[in-house]
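In: Let's see this in three dimensions:
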Amino acid sequence: MSGIRALEARLLRRRVFDGVAFVSSIGMLASMVPSVHVPSVALIAYYLVVPGYALLRLVNYPLGILDSVAWTIAISLGLTAGFASLFQSFYPMSAANQTLVVPLVTLVASALSLRGLARRK
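Out: From the prediction side, this is the model:
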């Protein structure tokens, strides 16, 4: 019975983390409205953790805790730096809003992983 409870606890933890990723992505999209202010610490934490976590959850490969943290940070940094350099290459005068892309990708990835968890029930 303890194996079933551990599995249920892990699934609940994944749902909570996926929900937090989804809500924080919506919050980052809402922060683009001029009247909404998000502290710099929250922005740094978001761009450092949430995109990588959401994309890593799509793969759903069993990793250890240290591997998950390393891959999450690496994917987040790669995604953020990749889109920033892409936008700097094609829109050097900041004609396009580059801060919109990463939260949208994260929002879609976390919505897909939440949908996948709901479908497995």
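In: can you list the residues that contact the helix or strand bottoming out on mean pLDDT in the chain?
Out: Lowest mean confidence among the helices and strands of the chain (mean pLDDT, DSSP states H and E): helix 101-120, at a mean of 82. By Cβ atoms under 8 Å, 6 or more residues apart in numbering, the surrounding residues in contact with helix 101-120 are 11, 14-15, 18-19, 21-22, 25-26, 28-29, 47, 50-51, 54-55, 57-58, 60, 79-80, 83, 87. The way it works is simple: take the backbone N, C-alpha and C, and place the C-beta from them, glycine included.
In: try stretch 18-36
Out: In contact with stretch 18-36 (Cβ under 8 Å, 6+ apart) are residues 37-38, 43, 46, 50, 53-54, 57, 97, 99-100, 102-104, 106-107, 109-111, 113-114, 117.
In: Drop anything exposed from those.
Out: 46, 50, 53-54, 57, 99, 102-103, 106-107, 109-110, 113-114, 117 (16 or more other Cβ atoms under 10 Å).
In: Averaged pLDDT, the top helix by length along the chain. What do you get?
Out: Ranked by residue count and defined by DSSP state H, the top helix of the chain is helix 2-30. The predicted model assigns helix 2-30 a mean pLDDT of 86.
In: tell me which residues in it are buried?
Out: Result for helix 2-30 [16+ other Cβ under 10 Å]: buried residues 14, 17-18, 21-22, 24-25, 28-29.
In: Please work out how many residues are found near Q98.
Out: Q98 sits with 15 neighbouring residues when counted by other Cβ atoms under 10 Å.
In: repeat for P51
Out: 28.
In: Check which helix or strand it maps to.
Out: Assigned by DSSP states H and E, P51 belongs to helix 40-59.
In: Does anything pack onto that helix? Which helices or strands?
Out: helix 2-30, helix 65-90, helix 101-120 (3 or more Cβ pairs under 8 Å, 6 or more residues apart in numbering; DSSP states H and E).
In: Distance from the last one to the middle of the chain?
Out: Centroid separation for helix 101-120 versus its chain: 9 Å, with Cα atoms, centre = their mean, to the nearest Å.
In: That'll do, ta.
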